[in-house]
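A.B. asks: Here you go, sequence then predicted model.
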Amino acid sequence: MGRQLHTTRRNAKGFTLLELLVSASIGLVLLGAGLQVYTQAVKSTYVTSQKSEMQEDFRAAANILQRDISMAGAGALGQQGLSSNSVGLPSGSGSTLAVYPCSSAVCNYVNGTSVAYPQVSGAPYLYSIIPGYKLGITVNATEGATDIITMSYADVSLPLNCYTVDVVSVTSTGATVIFELPVTLPTTCILATASSTVPALNAGGVGLQAGDMILFNQSALGVVTAVSTTAVTSGAYSAAYQVTFNTGDPGHINQPALANSPMKALPIGVSSAVSAVRLMEITYYLDISPVDGVTPRLMRIQNGRTPAPVAEGVSCLKFSYDVDNNGVITANQTSMPTGVTPAMITKVNILHMSIRSQLRGVTGYQSLDLQTSVSARDLNMGQEYPISGSSY
């Protein structure tokens with residue numbers, strides 16, 4: 001009797017096509033949901049990071065601007081600086097109108113051109129604060145042209161009052177002045193905080209350079225064209241520097257050939273009656289970044305230095321001014337009306353300073369806006385408590 005072989009067949013179990021389709025659909029839904037959550041998280045992180053960076057840039061720019069505004073006129077009430085918040089510039093027959101803001105080479109930074117100093121009865125003046133209503137570029141056509149603003153104050157980082165001033169010559173082509181450092185410093189020598197030595201006039205960074213403004217006797221302004229060491233005249237001095245103020249500076253400040261040039265009124269030779277201080281003239285304005293030709297930015301130019309960007313994306317800059325006209329306070333003047341000069345300004349109102357994100361989102365740029373007022377403390381103090389003999 002033969003053996004019968006029994007073959008057991010296993011059932012092969014797996015996913016049906018329907019089950020695969022359902023599971024794949026669920027997986028795609030979950031993957032899509034996860035991707036959407038991830039995308040939103042990345043976008044949120046980017047927006048937050050961009051806004052944080054924009055806030056930091058805006059805060060830094062606003063702090064620098066407000067600091068310079070508050071310093072306007074500093075030194076005006078002492079033995080140096082702008083004694084009446086202004087100084088006369090070259091004027092009269094044969095003069096060339098003085099302009100700003102300038103580097104040591106050119107004067108074309110605002111809208112590709114220069115700006116004339118404000119005039120009173122046809123004579124230009126440099127003021128502690130110079131408004132620039134609608135002199136800037138137009139970023140937003142709806143808002144119109146932006147403003148510029150200029151502040152001037154005495155620079156205490158370079159103590160020129162430690163030096164003896166020797167006016168060598170004032171000719172039609174320029175003026176030459178020698179600054180000698182006495183071995184025994186005069187009592188008027190006041191060093192900057194944390195400084196124990198008088199800096200050399202040709203020292204990098206803190207010393208004089210082409211384009212710097214020097215104010216003599218609070219009335220005669222000159223723009224440095226060159227500075228170099230020279231021999232001391234006697235053992236009473238430890239160092240000497242020759243500073244020249246030649247004609248041809250971009251802003252037309254040096255015009256000694258004029259009959260009424262203030263430089264000609266300075267006594268020739270060594271004189272204790274001649275004081276000198278370096279002025280800081282600082283202008284803020286907007287331009288367009290050359291990197292992309294689109295992004296607006298806040299610029300700052302100091303004396304004859306090259307303009308430096310303060311913050312990218314600043315798209316609006318608008319100011320108004322409170323003025324004190326013989327005790328009558330008029331607020332929010334955007335430009336100086338008849339009979340009012342910048343010497344009467346006591347407070348600067350930042351009407352509209354805004355910054356936008358560098359990249360445009362789906363719904364537009366992110367933006368921040370600042371409105372505040374800054375009191376020019378020296379100007380305000382000077383007008384409320386004027387020193388006898390000063391005119392404000």
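C.D. replies: In hand now; what should we look at?

A.B. asks: Need the pLDDT of residue 176.
C.D. replies: At residue 176, the model reports a pLDDT of 96.

A.B. asks: who's in contact with it?
C.D. replies: With contact set as C-beta atoms under 8 Å, 6 or more residues apart in numbering, residue 176 has these partners: 167-169, 242-245. Using the backbone N, CA and C atoms, a C-beta is placed for each residue, glycine as well.

A.B. asks: mind redoing it with 10 Å?
C.D. replies: By C-beta atoms under 10 Å, 6 or more residues apart in numbering, residue 176 lies in contact with 166-170, 226, 230, 242-246.

A.B. asks: Pull out the buried positions in whichever strand or helix holds it.
C.D. replies: Using DSSP states H and E, residue 176 sits within strand 174-182. By 16 or more other C-beta atoms under 10 Å, the buried positions in strand 174-182 come out as 174-182.

A.B. asks: Any stretches of the stretch 151-300 of the chain with poor pLDDT?
C.D. replies: 193-194 (pLDDT under 70).

A.B. asks: Can you list the residue ranges for strands in it?
C.D. replies: For the stretch 151-300 of the chain, strands defined by DSSP state E, counting those that start in this stretch occupy the ranges 164-171, 174-182, 213-216, 220-223, 226-229, 237-246, 269-270, 276-288, 296-302.

A.B. asks: Over to the stretch 1-150 of the chain?
C.D. replies: 86-88, 99-100, 115-116, 119-120, 123-127, 129-132, 148-154.

A.B. asks: Nearest to residue 292, out of the ones you listed?
C.D. replies: strand 148-154 (22.6 Å; C-beta to C-beta).

A.B. asks: so what secondary structure elements neighbour that closest one?
C.D. replies: In terms of contacts (3 or more C-beta pairs under 10 Å, 6 or more residues apart in numbering; DSSP states H and E), strand 148-154 is packed against helix 17-71, strand 123-127, strand 129-132, strand 213-216, strand 276-288, strand 314-325, strand 345-356, helix 377-384.

A.B. asks: ok, now which ones touch the spatially most central residue of the chain?
C.D. replies: The residue lying closest to the centre of the chain (C-alpha atoms, centre = their mean) is residue 300, at 3.1 Å. Contacts for residue 300 (C-beta under 10 Å, 6+ apart) come out as 61, 64-65, 68, 101, 282-285, 307-311.

A.B. asks: For those, pick the one with the most neighbours.
C.D. replies: Greatest neighbour count in those, by other C-beta atoms under 10 Å, goes to residue 101: 29 neighbours.

A.B. asks: Next up, the contacts around it.
C.D. replies: 107-110, 114-115, 130, 132, 148, 150, 250-251, 281-285, 299-305, 307.

A.B. asks: To what extent is the closest residue to residue 93 other than its chain neighbours buried, counted in neighbours?
C.D. replies: Closest residue in space to residue 93, ignoring its immediate chain neighbours: residue 259 at 7.5 Å, by C-beta to C-beta, 6 or more residues apart in numbering. Look at residue 259: counted by other C-beta under 10 Å, it has 9 neighbours.

A.B. asks: avg pLDDT for stretch 127-146?
C.D. replies: Stretch 127-146 comes out with an average pLDDT of 94.

A.B. asks: what's the span of it, first residue to last?
C.D. replies: 21 Å (C-alpha to C-alpha, to the nearest Å).

A.B. asks: before we move on, what about stretch 134-152?
C.D. replies: One end of stretch 134-152 sits 20 Å from the other (C-alpha to C-alpha).

A.B. asks: And stretch 95-104, by the same measure?
C.D. replies: End-to-end span of stretch 95-104 (C-alpha to C-alpha): 20 Å.

A.B. asks: Quick check: buried residues in it?
C.D. replies: Using 16+ other C-beta under 10 Å as the test for burial, stretch 95-104 gives 95, 98-104.

A.B. asks: and the residues you listed as TSV, adding pLDDT?
C.D. replies: As requested, these are exported to TSV (pLDDT from 0 to 100):
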residue	pLDDT
95	94
98	96
99	96
100	96
101	95
102	94
103	92
104	90
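
A.B. asks: Need these in JSON lines (columns: distance to residue 327).
C.D. replies: Conversion of the buried residues of stretch 95-104 to JSON lines gives the following (distance: C-beta to C-beta, whole Å):
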{"residue": "95", "distance to residue 327": "34"}
{"residue": "98", "distance to residue 327": "31"}
{"residue": "99", "distance to residue 327": "34"}
{"residue": "100", "distance to residue 327": "31"}
{"residue": "101", "distance to residue 327": "33"}
{"residue": "102", "distance to residue 327": "36"}
{"residue": "103", "distance to residue 327": "40"}
{"residue": "104", "distance to residue 327": "42"}
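
A.B. asks: What is the nearest of these to residue 338?
C.D. replies: Nearest to residue 338 among the buried residues of stretch 95-104, with distances taken as C-beta to C-beta, is residue 98, at 22.4 Å.

A.B. asks: my read: that closest one touches residue 222, true?
C.D. replies: No. Here residue 98 does not reach residue 222: they are 12.0 Å apart, not a contact under C-beta atoms under 10 Å.

A.B. asks: Need the overlap of contacts for these two.
C.D. replies: Listed as contacting both residue 98 and residue 222 by C-beta under 10 Å, 6+ apart are 249, 253-255.

A.B. asks: Show me which pair in the residues you listed is furthest apart.
C.D. replies: The widest separation within the shared contacts of residue 98 and residue 222 (C-beta to C-beta) is 9.2 Å, between 249 and 255.

A.B. asks: what touches both of those two?
C.D. replies: 98, 174, 222.

A.B. asks: okay if I get the residues you listed as JSON lines plus distance to residue 341?
C.D. replies: Compiled in JSON lines, the shared contacts of residue 249 and residue 255 are given as follows (distance: C-beta to C-beta, whole Å):
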{"residue": "98", "distance to residue 341": "16"}
{"residue": "174", "distance to residue 341": "30"}
{"residue": "222", "distance to residue 341": "23"}
